[in-house]
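Undergrad: Give me coordinates for this.
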Amino acid sequence: MSPPDPVVVARLRAAGCVFAEDEAGLLLAAAPSAAVLDGWVARRVAGEPLEQVLGWAEFCGQRFAVEPGVFVPRRRTELLVRSAVQLARPGAVVLDLCCGVGAVGAAIATALGRVELHAADVDPAAVRCARRNLAGRGAVHEGDLFAPLPAALAGRVDVLVVNAPYVPTGAIALMPPEARDHEARTALDGGADGLDVHRRVAAGARRWLAPGGSLLIETSRRQAPGTQDLVAAAGLTARVVTDDDLDGTAVIGRLDP
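TA: Modelled structure (predicted):
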C-alpha cells in the first residue's frame, strides 16, 4: 500500500472517516491517476462507502466485486460462513439466499473445496456482482427469495444460508448514512419488526432442505428470539449462535431426518 497522502488524509478525516490513514492508502494505491484519486476522495467525503468507491470489498480474506448501490458484506456475517462450514462437508449442496454480491456462498465454497453452489437475490445490481464473483463456481438466480430457483433443487439443499434484511423500517433512519443512503433499501428494510423476510424464508425453507439439512439466518441479538420462534414454527430444530468478537448473531434450524 502506498504511504497515505497527508492532504487526502486531512480531507477524509474532516469528513469523519475514522480510519482516514488506512482509507487514504487504499485509495492512493488503487487510483490510476491523480484525477481519478480526486474523484474517489470526493465520493468518499460525500459519504459513499469505501468499498463502493474502490469497487471491491474484503470478506473472509477474499476480495469481491461491488458496484455503487449494492449491499457491502459485513465482517459479522463471517459467523454465517463459519457455522455453515462446520455443518457441511465437501460436495454439499449450498444455497446462498439474499446473496448480495455472493460473498457468503463463495467463502463457504472456498472453505469446503467442492460444493454445488446456488445463489439468489432480487437486486439486479447485486446479481451482476454475484455472477462476476461466482463465475465458474456456482449458479446465480435473479428473483424474489425461492421463486427463481430451479425446481430440481427442491429437497436437495444441505446448507441454506440467508443474510436477509432485518432492520426494522423505523430504524432505517438511524443507520449510518453510508448504508442508509448508498445501499439498496431492499437489502436493509425488514418491515415493521425487521422479521418480514425471515417469516417468508422460514415458511419456505422445508421444501428446499434435504433431510438433515440446515437453515442459517443472520439476525440481531434483539431479534434472535423472534427469528428462532419463526424457524421452530416452520418445523425445524432451532438454536441461536453468537460471536462477540464479530458482533454476529445467527439462528440455525435443522430439518431432522
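
Undergrad: What are the boundaries of the strands in the stretch 51-200 of the chain?
TA: With DSSP state E, counting those that start in this stretch as the criterion, the stretch 51-200 of the chain has strands at 56-59, 62-65, 93-97, 116-121, 138-142, 157-162.

Undergrad: Reformat those as JSON lines; add mean pLDDT, mean neighbour count and distance to Arg132.
TA: C-beta coordinates here come from the backbone N, C-alpha and C atoms, glycine included. Formatted as JSON lines, the strands of the stretch 51-200 of the chain follow (pLDDT from 0 to 100; neighbours: other Cβ atoms under 10 Å; distance: least, Cβ to Cβ, whole Å):
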{"stretch": "strand 56-59", "mean pLDDT": "96", "mean neighbour count": "20", "distance to Arg132": "10"}
{"stretch": "strand 62-65", "mean pLDDT": "96", "mean neighbour count": "18", "distance to Arg132": "5"}
{"stretch": "strand 93-97", "mean pLDDT": "98", "mean neighbour count": "26", "distance to Arg132": "15"}
{"stretch": "strand 116-121", "mean pLDDT": "98", "mean neighbour count": "25", "distance to Arg132": "12"}
{"stretch": "strand 138-142", "mean pLDDT": "98", "mean neighbour count": "20", "distance to Arg132": "9"}
{"stretch": "strand 157-162", "mean pLDDT": "98", "mean neighbour count": "26", "distance to Arg132": "20"}
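
Undergrad: out of those, which comes closest to Val72?
TA: strand 56-59 (5.2 Å; Cβ to Cβ).

Undergrad: Neighbouring strands of that closest one in the sheet, and parallel or not?
TA: Strand 56-59 pairs in its sheet with strand 62-65 (antiparallel), by DSSP bridges.

Undergrad: what does the strand it pairs with contact?
TA: 55-58, 73, 101-103, 106-107, 110, 129, 132-133 (Cβ atoms under 8 Å, 6 or more residues apart in numbering).
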